[in-house]
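Asker: Give me coordinates for this.
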Amino acid sequence: MTMPFARQVARFNQRVTNPLLGPITWYLPWFGRVEHVGRVTGQRHVAPMMAFRSADRRRLTFALTYGPGAQWVQNALAADEVTFVSRTDGRVRLLDPHVVHDPTRSAVPRPIGRVLGLMGVDDFLEGTVAPGA
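Answerer: Just a heads-up that it's a prediction; the model follows:
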């Protein structure tokens, strides 16, 4: 399992960057907030995240910059669902989240894919948009 960003960076972002970024996610393209429930604690967690809709609007894809072992990813997989909230999409419930390894980064816009390639990000979480969303 690869983790493009070091665990220390993840902790820093969780404690410092995410609270600062949270209020402005509504104004950034592709950004919103992932809501997930801790599989051990049952506690609700929220984190700013970029998501990319498929052309048919049936799937959302998240780049796993901290790798597939990130806690939010494990929580989403265990719950078999995750919620994404954004200004453009509103509240979207995603079903059947699963990890996809895609070195071509085909689910994200090409400029984003290039940056992710430089960062060594080849893993993504993809979920199916629940009916009515």
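Asker: got a list of what the closest residue in space to R44 that isn't next to it in sequence touches?
Answerer: With sequence-adjacent residues excluded and distances taken as Cβ to Cβ, 6 or more residues apart in numbering, R44 is closest to V37, at 5.6 Å. For every residue, glycine as well, the C-beta is placed using N, CA and C. Contacts for V37 (Cβ atoms under 8 Å, 6 or more residues apart in numbering) come out as Q43, R44, H45, N75, A79.
Asker: Okay, and the fourth one sits in which element?
Answerer: Taking DSSP states H and E as the definition, one finds N75 inside helix 71-79.
Asker: Which residues does that helix contact?
Answerer: 34, 36-39, 45, 47, 64, 67, 82, 94, 97-99, 125, 127.
Asker: Any figure for the gap between F52 and T61?
Answerer: Distance, F52 to T61, by Cβ to Cβ, to the nearest Å: 5 Å.
Asker: which residues are common contacts for those two?
Answerer: A107, V108.
Asker: Restricted to buried residues, select the contacts of V37 in ChimeraX.
Answerer: A single ChimeraX command selects the buried members of those (16 or more other Cβ atoms under 10 Å):
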select :45,75
